[in-house]
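Novice: predicted model and sequence follow; I will ask about them next.
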Amino acid sequence: MSRIGRKPIEIPKGVTVTVKNGLISVKGPKGELSEHVHPEIGAEVKDQHVLITRSSDVGKYRALHGLWRALIQNMITGVTAGYSKKLEIVGVGYRAEMKGTRLSLLLGYSHPILFAAPDGIKIEAPTQTSIMISGVHKQLVGLVAAKIRSLRPPEPYKGKGVKYEGEYIRRKAGKAAATAAK
């Protein structure tokens with residue numbers, strides 16, 4: 001059996017997990033998430049634990065066993081603690097600010113970019129050079145952060161652009177370094 005898949009998932013206090021007809025729903029203090037489980041994967045709630053089973057030992061079902069255990073664990077973590085990503089903006093004149101419910105980004109283009117957050121995602125701009133994205137759905141938080149980063153990814157010469165907090169940008173030497181070596 002999958003080492004990850006066979007571990008029971010503990011349900012913390014204040015969280016309810018229900019499984020009905022292949023739909024797993026998780027309710028907690030921060031919100032509610034639900035997902036259709038793969039037909040070959042079974043989930044059941046016993047004694048404040050969620051147990052994941054699979055129908056056979058075929059390779060792809062063994063992989064799905066661990067995957068679904070991790071996805072359900074992420075759902076439980078999302079409704080209890082939530083997820084967040086922080087982005088940093090580097091560059092002269094590059095900045096972000098909230099205009100109502102939309103994020104306005106000035107990233108060196110001739111026009112500002114307005115980014116509307118999808119349902120369930122909260123975007124904040126505590127300073128002009130940082131953006132905070134938070135929500136209960138781990139995949140959606142990561143997707144929104146990746147979309148904002150893709151508007152102006154960091155470039156390797158000066159490091160200008162939108163990057164994740166703590167992300168290391170590998171720098172390249174410019175033209176001057178190439179001619180000085182000759």
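Specialist: That came through fine.

Novice: which residues of the protein fall in helices?
Specialist: Assigned by DSSP state H, the chain shows helices spanning 59-80, 138-150, 175-180.

Novice: okay if I get those as a markdown table plus distance to V90 and mean neighbour count?
Specialist: C-beta: built from backbone N, CA, C; applies to glycine. Output for the helices of the chain, formatted as a markdown table (distance: least, CB to CB, whole Å; neighbours: other CB atoms under 10 Å):
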| stretch | distance to V90 | mean neighbour count |
| --- | --- | --- |
| helix 59-80 | 29 | 19 |
| helix 138-150 | 12 | 17 |
| helix 175-180 | 21 | 8 |
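
Novice: for L103, find the nearest of these.
Specialist: Within these, the stretch nearest L103 is helix 138-150; the backing value is 7.4 Å (CB to CB).

Novice: looking at A180 now. What's its pLDDT?
Specialist: Looking at A180, its pLDDT reads 57.

Novice: try K175
Specialist: pLDDT, K175: 84.

Novice: and it, how far from Y157?
Specialist: Taken as CB to CB, to the nearest Å, the spacing of K175 relative to Y157 amounts to 10 Å.

Novice: okay, the helices of the chain in CSV with distance to R95 next?
Specialist: Conversion of the helices of the chain to CSV gives the following (distance: least, CB to CB, whole Å):
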stretch, distance to R95
helix 59-80, 30
helix 138-150, 13
helix 175-180, 29
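
Novice: these: lowest mean pLDDT?
Specialist: Out of the helices of the chain, the stretch the model trusts least by mean pLDDT is helix 175-180, with a mean of 64.
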